[in-house]
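Peer 1: Could you work out the structure for the sequence below:
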Amino acid sequence: MTNTREIKFESPTFAQRIKGMLGVDFYRLFHTPLFYIFLAIAAIIPAMVSAMTMMPDQSGNTMEPLYSNVWQIIAASKSLYVIEGIADYANMNMVFIFGGIMVSIFIGHDYKSGYVKQLFTTHAKKQDYMISKSLTCAFAMACMCITYLIGGTVGGLLVGYETDVNIGSLIIAILGKIIMSLGWASLYTFLNVIFRKYFGISITSSFFFGTGILIIGAAAIVESLKLPTSFLNIFLYGASVNANLSSNIGALIICIVVSVAWAVFYNVLGTKILSKSDVY
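Peer 2: Just a heads-up that it's a prediction; the model follows:
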């Protein structure tokens, strides 16, 4: 009598699948020049903005600096939904603009190289793809926030800006911007899923939403009607401006809640779109 043994193959758990996907995505991230190029861009831009404000004009006179404090290149002095000047706009929120371009290129390469076709043909679920890409890109944008902080701080110190600041508010502002990377990265992943066959449109849409033009325009209308603008906090750009040099713990909570909520929303919606359409 011959004994036979039945071999059972268990499907990998959700945690195992995500771990595997993240391993692949982080490997690709760390082994592409794109990641390091954008880290450098994130550091150079704030340093250049600080330095250029002190350059002489054509008549030889020194230009009036945009900032008076080192940390204004990191975050605005207060919550501003409507930009009053370029100095209010030129802070760490810029990471969410060129970070979106980086995400578009990173995800666009998946489709151009045929990686997505191979991925979904074998085993990966659409949900796993969305989550892994959102987390990987959020990490990349968080790293860009850090290099931006380094570049902006060094640039401001070199031109001799003041350094006085409420250290608690500064820490909250920096943490708030970093935390918002999750929501922004999820938005950009979602946009690139929608426009996966149109690389130019995906980059343009990421740039457009990253500028926060829609929220700034809405805020201008609301303020002209003398209505409260606090409801804008529920949007990514609105929550991002709460991370400023006057922030308290409440602002940090807003950033956490909004970033996580929009990350969940975009991942669920993106998964449904991928499941009901041709992903190639």
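
Peer 1: quick one, helices of the stretch 1-150 of the chain?
Peer 2: In the stretch 1-150 of the chain, the helices defined using DSSP state H, counting those that start in this stretch lie at 14-30, 33-52, 86-89, 95-112, 115-122, 126-158.

Peer 1: mind putting these in CSV, mean pLDDT, mean neighbour count and distance to Val222 included?
Peer 2: To be clear about C-beta, it is placed using only N, CA and C from the backbone, and glycine gets the same treatment. As requested, the helices of the stretch 1-150 of the chain are exported to CSV (pLDDT from 0 to 100; neighbours: other C-beta atoms under 10 Å; distance: least, C-beta to C-beta, whole Å):
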stretch, mean pLDDT, mean neighbour count, distance to Val222
helix 14-30, 89, 15, 39
helix 33-52, 90, 18, 29
helix 86-89, 73, 15, 17
helix 95-112, 88, 22, 22
helix 115-122, 71, 13, 41
helix 126-158, 94, 22, 28
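
Peer 1: Switch those over to TSV; also include distance to Asn244.
Peer 2: Shown next, in TSV, are the helices of the stretch 1-150 of the chain (distance: least, C-beta to C-beta, whole Å):
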stretch	distance to Asn244
helix 14-30	30
helix 33-52	16
helix 86-89	10
helix 95-112	15
helix 115-122	39
helix 126-158	14
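
Peer 1: how about those helices, which one is nearest Trp184?
Peer 2: Among these, helix 95-112 comes nearest to Trp184, with 4.8 Å by C-beta to C-beta.

Peer 1: Off-centre distance for that closest one?
Peer 2: Taking C-alpha atoms, centre = their mean, to the nearest Å, the mean C-alpha location of helix 95-112 is offset from the chain mean by 11 Å.

Peer 1: Likewise for stretch 237-257?
Peer 2: With C-alpha atoms, centre = their mean as the basis, stretch 237-257 stands 15 Å off its chain's centre.

Peer 1: Now that stretch: buried residues?
Peer 2: Buried residues in stretch 237-257, counted by 16 or more other C-beta atoms under 10 Å: 237-245, 247, 251-252, 254-256.

Peer 1: quick revisit: indicate which one of the helices of the stretch 1-150 of the chain is closest to Tyr266.
Peer 2: It's helix 126-158; of the helices of the stretch 1-150 of the chain, that one is closest to Tyr266 (C-beta to C-beta) at 7.4 Å.

Peer 1: In terms of secondary structure, what does that closest one contact?
Peer 2: helix 14-30, helix 33-52, helix 95-112, helix 115-122, helix 167-194, helix 249-275 (3 or more C-beta pairs under 8 Å, 6 or more residues apart in numbering; DSSP states H and E).

Peer 1: Let's have those helices in CSV, adding distance to Tyr81.
Peer 2: Listed next are the helices and strands packed on helix 126-158 as CSV, based on distance: least, C-beta to C-beta, whole Å:
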stretch, distance to Tyr81
helix 14-30, 33
helix 33-52, 22
helix 95-112, 15
helix 115-122, 37
helix 167-194, 15
helix 249-275, 13
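
Peer 1: Among those, which comes closest to Ser134?
Peer 2: helix 167-194 (4.3 Å).

Peer 1: roughly how far is the closest one from the heart of the chain?
Peer 2: Taking C-alpha atoms, centre = their mean, one finds helix 167-194 lying 5 Å from the centre of the chain it belongs to.

Peer 1: cool, and stretch 108-120?
Peer 2: Mean C-alpha position of stretch 108-120 versus that of the full chain (C-alpha atoms, centre = their mean) differs by 23 Å.

Peer 1: hey, C-alpha coordinates of that stretch in CSV?
Peer 2: Coordinates of each C-alpha in stretch 108-120 appear next as CSV, following Å, rounded to 0.1, in the frame of the first residue of the first chain:
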residue,chain,number,x,y,z
GLY,A,108,5.3,55.9,-15.7
HIS,A,109,8.4,53.7,-16.0
ASP,A,110,6.3,50.7,-14.8
TYR,A,111,4.1,50.9,-17.8
LYS,A,112,6.8,51.9,-20.3
SER,A,113,9.1,49.0,-19.3
GLY,A,114,6.3,46.4,-19.2
TYR,A,115,6.8,45.8,-15.5
VAL,A,116,3.1,46.2,-14.8
LYS,A,117,2.0,43.7,-17.4
GLN,A,118,4.4,41.1,-15.9
LEU,A,119,3.3,42.0,-12.4
PHE,A,120,-0.4,41.6,-12.8
